[in-house]
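Visitor: make a model of this:
(chains A and B)
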Protein chains: 2
Amino acid sequence: MEAAWRARYGAAAPAAMPWNETIAGLLAHRSVRAYRGDPLAPGTLEALAAAAQSAPTSSNMQAWSLVAVTEAATKRELARLAAGQKHIEECPLFLVFLADLSRAERLAGREGVRLENLAYLETFLVAAFDAAFAAENALVAAESLGLSTVYIGALRNRPEAVAALLGLPGNSVALFGLCVGHADEPRVPNGVRPRLPQAAVVHCERYDAAKEADLVAAYDRTFAASPNGGPRGWTARVCDRFGPLAALAGRETLKGTLRRLGFPLA
Amino acid sequence: MEAAWRARYGAAAPAAMPWNETIAGLLAHRSVRAYRGDPLAPGTLEALAAAAQSAPTSSNMQAWSLVAVTEAATKRELARLAAGQKHIEECPLFLVFLADLSRAERLAGREGVRLENLAYLETFLVAAFDAAFAAENALVAAESLGLSTVYIGALRNRPEAVAALLGLPGNSVALFGLCVGHADEPRVPNGVRPRLPQAAVVHCERYDAAKEADLVAAYDRTFAASPNGGPRGWTARVCDRFGPLAALAGRETLKGTLRRLGFPLA
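Guide: I've put the predicted structure just below:
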């Protein structure tokens, strides 16, 4: 517990804290971008999918789907569409998580019912949260089995091309991917990444940013000193990522793309 | 494993599948809406927050925050704002998860940098996914400790009132809440809820809805027969929830509300 806390926060753990194997697994998460080619154990996809489907889903609408990609040609094309991230090709299993309102639309079509609410931003968000909760459960399950993972947000660089490649129907969109496989340890440069101190993220009773500048400054030092951080610190990274439009890599057009894919976002 | 799979799918488990305590915990999830008043063990919030912060976050931007509410008056008001859900008052710990771009904005202000990208839908989604991955880790950690949980999407009914109550800065918004506490078992009517068959949600290599109508019909029967489903089946629920505008409970105005809270969603 002490070691896991120190890796995550660069500081000593609280004196008393509940702890178990599952929490230890959650704290040990690291993103892995180098995979060995060996296949997964039989039933791995079924186990990850069952974990994903067991996540909460708003009103039990289950407004998400998953495309499990193992074919080399498809992974190669997905890697190309996602800024050339080679780990998509390398991992034996690439999961593409969809916000999926198309299932509801097909079902209502069979009933002769019109689903007014699909047009709203709120309903798109319901589907997106469903997909995110499900994906995180799949990630936790995979890591509990000793597998490694990394989310691929760059699937949002070219959502229409991803939709065409995977045969997605209207009213569905690939939100992000998840690489799953055995880490190729010699090529994994980073371990557990330090995060902001809890006091900068967790507010008690009401939001309070009074001490934030000092907490962020301390984190900048922790981040710069860590082999899993970066020498310029965290503040510089935030400015780089959220500052210049070029950092959005085309995703500044996402709203229009979602509309063309069938989400009016009213 | 067999019992957990049957509870989730109303069907027999695959012949071979990896399995462990963490996966068993994920499959055992149920939403609980009745809590005893007893307090949580010391350090519970810290453990849940560490699990949450250990979730992946896009480019390590950590664009989310958490308000931990324990005060009775605040929980009472939050329950009122969220369609009168009494379990928000009952649970000893209510976690409010925020999409939070305000930290980045404050930090950039100190650096004299302008963050162009905060204005885009894409960046709002990055923050929303960060919050959702973090929340799901907190939920998994809580349930691994024998605690119960339920997400509260109805915080999106009145986001501006929630923001005022919790003192949220501009460029942040409460996306959903999470009740955490000990289930008051005699008042918990539902157990594990059956989900759609995997074949209706998990697509291999490409999206394929060819067998979906039959799979949904089978699920309608499973759902209607389960004490954790509903007698009218699932299709009727989807039509009720996504059909009439009234089911959105005011959330049809969410886009405008988000804009007023500082998210242009360009």
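
Visitor: tell me which element the one residue sitting closest to the centre of chain A falls in.
Guide: Nearest to the geometric centre of chain A sits residue A:151, at 4.2 Å (CA atoms, centre = their mean). Applying DSSP states H and E as the criterion places residue A:151 in strand A:148-152.

Visitor: about what we covered before: residue A:48 versus the residue nearest to the centre of chain A, what's the distance?
Guide: Computed as CB to CB, to the nearest Å, the residue A:151 to residue A:48 distance reads 14 Å. From N, CA and C alone the C-beta is placed, and that goes for glycine too.

Visitor: ok, and the closest non-adjacent residue to residue A:26?
Guide: residue B:51 (4.3 Å; CB to CB, 6 or more residues apart in numbering or on different chains).

Visitor: so which bits of the helix or strand containing the one you found are buried?
Guide: If you go by DSSP H and E, residue B:51 is part of helix B:44-53. Neighbour counts over helix B:44-53 (16 or more other CB atoms under 10 Å in any protein chain shown) mark B:44, B:45, B:46, B:47, B:48, B:49, B:50, B:51, B:52, B:53 as buried.

Visitor: hmm, back to that, the residue nearest to the centre of chain A touches residue A:31, doesn't it?
Guide: Yes: counting by CB atoms under 8 Å, residue A:151 touches residue A:31, with 7.4 Å between them.

Visitor: what sits in contact with each of those two?
Guide: Jointly contacting residue A:151 and residue A:31 under the rule CB atoms under 8 Å, 6 or more residues apart in numbering or on different chains are residue B:56.

Visitor: tell me where chain A has helices.
Guide: Along chain A, the segments classed as helices by DSSP state H run A:2-9, A:21-27, A:44-53, A:72-81, A:86-90, A:102-111, A:121-144, A:159-166, A:198-201, A:212-225, A:234-242, A:254-260.

Visitor: hmm, who's touching the last one?
Guide: Applying CB under 8 Å, 6+ apart, the external contacts of helix A:254-260 come out as A:124, A:156, A:159, A:160, A:173, A:265, B:120, B:121, B:122, B:125, B:265, B:266.

Visitor: ok, now how distant is the residue nearest to the fourth one when sequence neighbours are not counted from residue B:31?
Guide: In this case it means residue A:160. Leaving aside its chain neighbours, residue A:160 sits nearest to residue A:257 (6.0 Å; criterion: CB to CB, 6+ apart). Computed as CB to CB, the residue A:257 to residue B:31 distance reads 33 Å.

Visitor: likewise for residue A:248?
Guide: 36 Å.

Visitor: likewise residue A:258?
Guide: Plainly put, residue A:258 is 29 Å away from residue B:31 if you go by CB to CB.

Visitor: just to revisit the earlier point, tell me which of the helices of chain A lies nearest to residue A:180.
Guide: helix A:121-144 (5.1 Å; CB to CB).

Visitor: the top strand by length along chain A and chain B in contact?
Guide: What stands out as the longest strand in chain A, according to DSSP state E, is strand A:172-181. Yes: using CB under 8 Å from any CB of the partner chain, strand A:172-181 reaches chain B at A:172, A:175, A:176.

Visitor: which one (most neighbours) among the residues you listed?
Guide: Highest neighbour count within the residues of strand A:172-181 next to chain B, by other CB atoms under 10 Å in any protein chain shown: residue A:172, with 26 neighbours.

Visitor: does that residue really touch residue A:99, like I thought?
Guide: Yes: under the criterion of CB under 8 Å, residue A:172 makes contact with residue A:99 at 6.7 Å.

Visitor: for residue A:135, what are its contacts?
Guide: A:52, A:95, A:97, A:151, A:176, A:178, B:133.

Visitor: beta-bridge partners for the third one, please?
Guide: On the basis of DSSP bridges, residue A:97 takes part in beta bridges with residue A:66, residue A:176.

Visitor: count the neighbours of it for me.
Guide: A count of neighbours around residue A:97, defined by other CB under 10 Å, yields 27.

Visitor: so who does it touch?
Guide: Contacts of residue A:97 (CB under 8 Å, 6+ apart): A:64, A:65, A:66, A:131, A:132, A:134, A:135, A:174, A:175, A:176, A:177, A:178.

Visitor: go on, the last one?
Guide: Applying CB under 8 Å, 6+ apart, we find residue B:133 in contact with A:132, A:135, A:136, A:151, B:55, B:56, B:57.

Visitor: neighbours of the fifth one, how many?
Guide: Counted with other CB under 10 Å, residues neighbouring residue B:55 total 27.

Visitor: would you check how far apart it and chain A are?
Guide: For residue B:55, the distance to chain A equals 6 Å [CB to the nearest CB, to the nearest Å].

Visitor: quick revisit: residue B:244: which of the contacts of residue A:97 is nearest?
Guide: Closest to residue B:244, out of all of the contacts of residue A:97 and judged by CB to CB, is residue A:64, at 22.5 Å.

Visitor: and the residue nearest to that closest one when sequence neighbours are not counted, how close does it get to residue A:62?
Guide: In space, and not counting its chain neighbours, residue A:64 is closest to residue A:131: 3.8 Å by CB to CB, 6+ apart. Distance from residue A:131 to residue A:62, counting by CB to CB: 10 Å.

Visitor: now do residue A:116
Guide: Residue A:116 is 19 Å from residue A:62, by CB to CB.

Visitor: of those two, who's got more company?
Guide: Of the pair residue A:116 and residue A:62, residue A:62 is the one with more neighbours under other CB under 10 Å, namely 23 against 17.

Visitor: quick one: contacts for that one?
Guide: Residues counted as contacts of residue A:62 (CB under 8 Å, 6+ apart) are A:53, A:103, A:130, B:195, B:196, B:201.

Visitor: now swap in residue A:66 and tell me
Guide: Contacts of residue A:66 by CB under 8 Å, 6+ apart are A:49, A:52, A:95, A:96, A:97, A:98, A:134, A:138, B:201, B:202, B:203.
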